[in-house]
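**Q** No sequence on hand, only this structure:
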């Protein structure tokens, strides 16, 4: 193998596929990137067997071939090279890297040991705009149960039905549901498609689509879910299992609503949270007609109390929450004012917008 490529181009492609190699694997080959030539293009593949990322770009191919290179060492070298053309050449079991007057020689791995990756090119793909997908991930990913023993909660549930896509996440203490319309001119979705994508895969997908403009194409096949977009393909193994019937936990709309300035609410909750400890996480909210009183009392630390201007349409009462569960959703909204529905001191609070529901369970104070 022998090729010449611009430093910025090869670095961009290595960064795209870096994610699956980031955590230390039992098999060294999984910490490597497989680079192969196809016509006048280079293809980069990295996988941890659960998540696979494939990226391709044009290059000046002098000699065809395939190599497996330790990712961490290779990308570290490329990052430090000047902004010039990089010549890469395979010589026996070594990879020669030349850039101007700089030369590196690093050991490679046996490319035949790299897992066989089957790329998917489906005729019927579901089109999603990346800004829609990015927003939906942002509005749900913080609810995933990272350490939950119920492994189906360790991911986000995707549901595609006719012309809509929904994403749902819950850790058992809060739940986020968001639904959006798919772009027009889609292949017909005759039967409902659903799968749970693990949070590790979600995080890698988010990095790839962030700030992108070209459409993303989704495919689901057997035990694989893929997202295809310009010169990059992302493939992940979904979580097997039954996601909870989330709809039964979402109450009908309630007229008892608290309306408050979003930014003022965030700042007040953050100040109250300054007195939180592992054993005393809850913050008390006292709902009144024209104000919201936020207070916090922690033994051996002290007390905090703040009054925030607000409007509440129900009868006055007190309720406790983990403040971070409210902050998490508020910081992901763009509204100047937000409204929460309340159903009683021992019932969840609900923030509801068009095609979006966020539910938080209260806690004892």
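**A** That came through, no problem. Owing to the predicted nature of the structure, the values given are computational and were not obtained by experimental measurement. Numbers count the residues shown, from 1 in each chain.
**Q** can you tell me how far the residue lying farthest from the centre of the chain sits from residue 5?
**A** Note on the chain: the largest C-alpha distance from the chain mean falls to residue 101, namely 40.9 Å (C-alpha atoms, centre = their mean). Distance of residue 101 to residue 5, given as C-beta to C-beta, to the nearest Å: 18 Å. C-betas here are computed from N, CA, C, even on glycine.
**Q** just residue 301 next, same as before
**A** Shown here: residue 301 relative to residue 5, a distance of 57 Å by C-beta to C-beta.
**Q** what's the answer for residue 222, then?
**A** For residue 222, the distance to residue 5 - C-beta to C-beta - is 35 Å.
**Q** between these two, who's got more neighbours?
**A** Using other C-beta atoms under 10 Å, the more surrounded residue of residue 222 and residue 5 is residue 5, with 20 against 6.
**Q** If the more buried one is in a bridge, with which residues?
**A** Taking DSSP bridges as the rule, residue 5 bridges to residue 86.
**Q** Might you report the residue contacts of it?
**A** Contacts for residue 5 were tallied using C-beta atoms under 8 Å, 6 or more residues apart in numbering; they are 42, 57, 59, 60, 85, 86, 88.
**Q** Can I get those residues in JSON lines including distance to residue 208 and secondary structure?
**A** Formatted as JSON lines, the contacts of residue 5 follow (distance: C-beta to C-beta, whole Å; DSSP: H, G, I helix; E, B strand; the rest coil):
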{"residue": "42", "distance to residue 208": "18", "secondary structure": "strand"}
{"residue": "57", "distance to residue 208": "15", "secondary structure": "strand"}
{"residue": "59", "distance to residue 208": "21", "secondary structure": "coil"}
{"residue": "60", "distance to residue 208": "26", "secondary structure": "strand"}
{"residue": "85", "distance to residue 208": "26", "secondary structure": "strand"}
{"residue": "86", "distance to residue 208": "23", "secondary structure": "strand"}
{"residue": "88", "distance to residue 208": "24", "secondary structure": "strand"}
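**Q** Looking at the residues you listed, which is nearest residue 136?
**A** Of all the contacts of residue 5, residue 57 has the smallest distance to residue 136: 28.5 Å, by C-beta to C-beta.
**Q** Could you report the separation of the residue nearest to residue 142 when sequence neighbours are not counted from residue 321?
**A** Sequence neighbours aside, residue 328 is the residue nearest to residue 142 in space, at 4.6 Å (criterion: C-beta to C-beta, 6 or more residues apart in numbering). Residue 328 is 11 Å from residue 321, where distance means C-beta to C-beta.
**Q** Please say which of those two ends up with more neighbours.
**A** Legend: neighbour count by other C-beta under 10 Å for residue 328 and residue 321, higher for residue 321 (23 against 17).
**Q** hey, where'd the helices end up in this structure?
**A** Remark: helices assigned in the chain by DSSP state H are 7-17, 71-80, 130-138, 199-209, 262-273, 323-330.
**Q** Same list (these) but as CSV, adding mean pLDDT.
**A** What follows is the helices of the chain, written out as CSV (pLDDT from 0 to 100):
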stretch, mean pLDDT
helix 7-17, 97
helix 71-80, 96
helix 130-138, 96
helix 199-209, 94
helix 262-273, 97
helix 323-330, 97
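**Q** Any idea which of those gets closest to residue 175?
**A** helix 323-330 (10.6 Å).
**Q** So which residues of the stretch 101-250 of the chain form strands?
**A** 102-107, 126-128, 155-161, 164-170, 174-181, 193-198, 216-221, 224-229, 232-236 (DSSP state E, counting those that start in this stretch).
**Q** which other residues reach the fifth one?
**A** Contacts with strand 174-181, where a contact means C-beta under 8 Å, 6+ apart, come from 132, 135-136, 139-140, 142-143, 163-170, 246, 249-250, 325, 329, 355-361.
**Q** ok, so what distance separates residue 82 from residue 105?
**A** Where residue 105 is concerned, residue 82 sits at a distance of 18 Å (C-beta to C-beta).
**Q** okay, how far is it across stretch 147-167, tip to tip?
**A** Start-to-end span of stretch 147-167 (C-alpha to C-alpha, to the nearest Å) is 20 Å.
**Q** cool, stretch 342-350 as well?
**A** End-to-end for stretch 342-350, by C-alpha to C-alpha: 7 Å.
**Q** quick one: buried residues of it?
**A** 342, 343, 348, 349, 350 (16 or more other C-beta atoms under 10 Å).
**Q** That stretch: how far from the chain's middle?
**A** 29 Å (C-alpha atoms, centre = their mean, to the nearest Å).
**Q** So which bits of the longest strand anywhere in the chain are buried?
**A** If you go by DSSP state E, the chain has its longest strand at strand 302-312. Residues of strand 302-312 classed as buried by neighbour count (16+ other C-beta under 10 Å): 304, 308, 310, 312.
**Q** ok, back up a step: can you add distance to residue 31 and give the helices of the chain back as TSV?
**A** Formatted as TSV, the helices of the chain follow (distance: least, C-beta to C-beta, whole Å):
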stretch	distance to residue 31
helix 7-17	12
helix 71-80	6
helix 130-138	26
helix 199-209	16
helix 262-273	39
helix 323-330	33
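**Q** Out of the ones you listed, which is closest to residue 119?
**A** It's helix 7-17; of the helices of the chain, that one is closest to residue 119 (C-beta to C-beta) at 13.5 Å.
**Q** thinking again about what came up before, partners of the longest strand of the chain in the sheet?
**A** Counting by DSSP bridges, strand 302-312 is paired with strand 257-261 (antiparallel), strand 291-298 (antiparallel).
**Q** Switch those over to a markdown table; also include distance to residue 283, mean pLDDT and mean neighbour count.
**A** Below are the strands paired with strand 302-312 laid out as a markdown table (distance: least, C-beta to C-beta, whole Å; pLDDT from 0 to 100; neighbours: other C-beta atoms under 10 Å):
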| stretch | distance to residue 283 | mean pLDDT | mean neighbour count |
| --- | --- | --- | --- |
| strand 257-261 | 14 | 96 | 18 |
| strand 291-298 | 5 | 95 | 19 |
